[in-house]
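>>> Need coordinates for the below:
(one chain, ligands or ions: 1)
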Amino acid sequence: MSARKIEQSRKQQKIISERVNRLSPSGIRKFFDLLASMEEVISLGVGEPDYATPWHISEAAVRSLEKGYTMYTSNSGMPELREETARYLEEKYGIKYEPFGEILITVGVSEAMDLALRAILNPGDEVIMPDPHYVAYDSCVILAGGEPVMVPTSQENNFEVDAGDIEARITDKARAILIGYPANPTGAVMSRDKLLAIAEVAKRHNLMVVSDEIYARLVYGVEHTCFAGLPGVRENTILLGGFSKAYAMTGWRIGYAAAPKEIITAMTKIHQYTIMSAPTMAQVAAIEALKTGEPDVLEMVEDYNRRRLIIVKGLNDIGMPCFEPKGAFYAFPSIKSTGMTSEEFSEKLLTEEKVAVVPGSAFGECGEGYVRCCYATSLADIEEALTRMKRFVKKYKK
Ligand SMILES: Cc1ncc(COP(=O)(O)O)c(C=O)c1O
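Predicted structure coming up:
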């Protein structure tokens, strides 16, 4: 590093808070910057639906704009959206939340996650989470003043986190468990029994559980278990849900948190000073999604399932062993046969074969040796990507 750069970096260290300096830039971002500079790439990279939002949902928002609904809403979100969310959670999972006190409408699960952690953590509190995990989890904990504690998971156990492994990492600083199933980046789904075991650990040690259930609707041949619905943990659970994935609404930036009143009140305090209210037109669209979007969800899930079966079989056939993911829209194959790190593999695959996948190391140490392939893309692209990856793996196989 040149003297000027060292000086610059020193200055920056002083200007920027220690918490922010601790964060490493998202491994995914770096990769997408490279991707953006290339043409004709098949992308299995970005974790979002390839569908546009169903038109009747968008149209509801357009109509609201025409009518001039462009003001702030209540901090907590439109009453109708909170009622619809409560109705939905009760209908789907049999769990009751009071719409005016136990539900907060947020700018996606992203904001809800940040609020949840800031509302419950004191400096140095530990939050236990699986490794690998969604890129924002550890960073959000650090930003909230907490310390992330990793629980390794592995392909042998289908990347499910074990309650005993969680319990073994509980210290007197432990404050919460953060889980997200169906999982990004692995597509893992936890069975009800295994979640029950985690619920028991949480109860025994009086820990909060932050449960990110953004992929709840994207499950294949299995049922989603809503963590808050397990016996005796409702009072300890902050349930996070959203519209981005199931309704193809990533750009609308809308989601929610459901939790006991004391917690939602605390989260609302932060939300009202930092965000005010979630985008009004997105709230209108979310109401429409909950009221009439069910057939769209079912159709998209069926389609993702078709692609899932093809990519998982394809990856296994070409020498990228992959457990069967039962949720979300990711496959997480091993690339160990090439002897490359996941970052090397992804960069070489991108430059040599123009296929974008995300290095597993972006999601934690246990993601090393794997890459994330998002199959929310056309079947034709999936098939072409498999052909190119086959050539690549054959070339580099050790
Ligand atoms: C596991 C997980 N949680 C949360 C989010 C963010 O969701 P939202 O768009 O609702 O902010 C994502 C987005 O990729 C995700 O994969």
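>>> same for the helix or strand where K394 lies, what does it pack against?
Assigned by DSSP states H and E, K394 belongs to helix 379-396. With contacts taken as 3 or more CB pairs under 8 Å, 6 or more residues apart in numbering; DSSP states H and E, helix 379-396 sits against strand 42-43, helix 294-317, helix 342-353, strand 355-356. Where you see a C-beta, it was placed from the backbone N, CA and C, and this is true even at glycine.
>>> angle of that helix against helix 294-317?
Angular relation of helix 379-396 and helix 294-317 on a 0 to 180 degree scale: 20 degrees, by axes from the mean of the first three to the mean of the last three CA atoms, to 10 degrees.
>>> buried set for helix 379-396?
381-382, 385-386, 388-390, 392-393, 396 (16 or more other CB atoms under 10 Å).
>>> contacting residues around it?
42-44, 306-307, 310-311, 314-315, 318-320, 335, 337-340, 348-349, 352-355, 373, 375 (CB atoms under 8 Å, 6 or more residues apart in numbering).
>>> again with stretch 355-362
26-28, 31, 35, 41-45, 132, 135, 185, 332, 341-343, 345-346, 349-350, 367-374, 385, 388-389, 392.
>>> hang on, the earlier thing: list buried residues within the contacts of helix 379-396.
42-44, 307, 311, 314-315, 318-320, 335, 338, 340, 349, 353-355, 373, 375.
>>> I'd say V219 and A188 touch.
No. Judged on CB atoms under 8 Å, V219 makes no contact with A188 at a distance of 11.0 Å.
>>> Specify which residue of those two has the higher count of neighbours.
A188 (27 against 20; other CB atoms under 10 Å).
>>> and stretch 73-86, anywhere near the ligand?
No. Legend: contact between stretch 73-86 and the ligand by CB under 6 Å from any ligand atom is lacking; minimum distance shown is 13.5 Å.
>>> Apart from its neighbours in sequence, what residue is nearest A144?
L117 (3.9 Å; CB to CB, 6 or more residues apart in numbering).
>>> Just give me the neighbour total for that neighbour.
Per other CB under 10 Å, the neighbour tally for L117 reads 26.
>>> Can you name the element that comes right after whichever strand or helix holds it?
For L117, the host element (DSSP H and E) is helix 108-120. Next helix or strand after helix 108-120 toward the C-terminus (DSSP H and E): strand 126-131.
>>> Report the angle between that next one and helix 108-120.
With the same axes, to 10 degrees defining the directions, strand 126-131 sits at 150 degrees from helix 108-120.
>>> Show me what counts as buried in strand 126-131.
For strand 126-131, by 16+ other CB under 10 Å, it's 126-131.
>>> Tell me which other helices or strands that strand touches.
helix 136-143, strand 147-152, strand 174-179.
>>> now the angle between strand 174-179 and it, please.
20 degrees.
>>> low-confidence ranges in this structure?
1-2, 6, 9-13, 26-30 (pLDDT under 70).
>>> I'd guessed F323 sits against E160; true?
No. Taking contacts as CB under 8 Å, F323 lies outside contact range of E160: 10.0 Å.
>>> related to what we said a few turns ago, what do V219 and A188 both touch?
With CB under 8 Å, 6+ apart as the test, V219 and A188 both reach 182, 326-327.
>>> Verify the assumption that G164 is located in a helix.
Yes. According to DSSP: H, G, I helix; E, B strand; the rest coil, G164 belongs to a helix.
>>> Not counting its neighbours along the chain, what's nearest the residue in the stretch 101-250 of the chain positioned nearest to the ligand?
Distances from the stretch 101-250 of the chain to the ligand, computed as CB to the nearest ligand atom, single out G108 as the nearest residue at 2.5 Å. Excluding the flanking residues, the one nearest G108 by CB to CB, 6+ apart is G255, at 4.4 Å.
>>> ditto for E353
In space, E353 is closest to R388, 4.1 Å off (CB to CB, 6+ apart).
>>> before we move on, what about H224?
Closest residue in space to H224, ignoring its immediate chain neighbours: A216 at 4.7 Å, by CB to CB, 6+ apart.
>>> Surely the one you found and P182 touch.
Yes. Under the criterion of CB under 8 Å, A216 makes contact with P182 at 7.3 Å.
>>> who does V209 bridge with?
As for beta bridges, V209 partners with I177, T237 under DSSP bridges.
>>> Ranking the helices and strands packed on strand 126-131 by mean neighbour count, which comes first?
strand 174-179 (a mean of 24; mean count of other CB atoms under 10 Å).
>>> Mind giving me the packing neighbours of the next helix or strand after that strand?
Downstream of strand 174-179, the next assigned helix or strand under DSSP H and E is helix 192-204. In terms of contacts (3+ CB pairs under 8 Å, 6+ apart), helix 192-204 is packed against helix 163-168, strand 174-179, strand 208-212.
>>> just to revisit the earlier point, dump the helices and strands packed on strand 126-131 to a markdown table, plus distance to the ligand.
Below are the helices and strands packed on strand 126-131 laid out as a markdown table (distance: least, CB to the nearest ligand atom, whole Å):
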| stretch | distance to the ligand |
| --- | --- |
| helix 136-143 | 7 |
| strand 147-152 | 15 |
| strand 174-179 | 10 |
